[in-house]
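J.: Everything below, folded, please.
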Amino acid sequence: MHAYDPNNIFAKILRGELPCYKVYEDDRAFAFLDIMPRAPGHTLVLPKAPARNILDCPADDLAHVAKVTQKIAQAAMKVFAADGITVQQFNEGAGGQVVFHLHVHIIPRKAGVMMKPPASEKEKPDVLAELAKKLAAAIAAS
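T.: Below is the predicted model of the structure:
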């Protein structure tokens, strides 16, 4: 297995070197909106500790990411009036992973509406900022 690269884009976001549309943070996890969402509200949840993917993530950190994923999914159902949630997590290149810091995708879904293709279209910053504000408020209230 490959080693963790501390210069991956998500590590830079966690260190505050790159901007993001944050919706949640605690001492062990961080969540922000995907700038190329497959659906409105597409959120990424990461452990703060360095972990390339599920294969090398300590079990306690993985469990915490799962708890945060559930909390954000519940808030996203309400905020985006979703009919369902798609949760995705990829490991290594052959498994579909593109950024090599463990992350979970939370994608609010509407019945009958297809997701956009991955990394197909950047969302406007003002739209992302407004969606992040609404989702963060709902998460904080839960």
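J.: residues near Pro40, how many?
T.: Pro40: 19 surrounding residues under other Cβ atoms under 10 Å. Every residue, glycine included, has its C-beta placed from N, CA and C.
J.: For Leu102, see how far away it is.
T.: As for Pro40, its distance to Leu102 is 24 Å (criterion: Cβ to Cβ, to the nearest Å).
J.: Could you pull out the helices in this protein for me?
T.: Counting by DSSP state H, one finds helices in the chain at the ranges 9-14, 59-79, 125-141.
J.: Glu121 and Ile35 touch, don't they?
T.: No: the pair Glu121 / Ile35 is not scored as a contact, 9.8 Å apart, by Cβ atoms under 8 Å.
J.: Show the contacting residues for the residue most central in space within the chain.
T.: In the chain, the C-alpha nearest the mean C-alpha coordinate belongs to Leu44, at 0.4 Å (Cα atoms, centre = their mean). By Cβ atoms under 8 Å, 6 or more residues apart in numbering, Leu44 lies in contact with 10, 31-34, 103-106.
J.: which among those gets closest to Pro125?
T.: Proximity of these to Pro125 (Cβ to Cβ) peaks at Leu33, which lies at 10.5 Å.
J.: Okay, now the unreliable bits of this protein?
T.: 1 (pLDDT under 70).
J.: roughly how far apart are the closest residue in space to Lys12 that isn't next to it in sequence and Ile35?
T.: Of all residues not flanking Lys12 in the chain, Leu18 sits nearest, at 4.6 Å (Cβ to Cβ, 6 or more residues apart in numbering). Leu18 sits 11 Å away from Ile35, going by Cβ to Cβ.
J.: With Asp56 instead?
T.: Asp56 is 26 Å from Ile35, by Cβ to Cβ.
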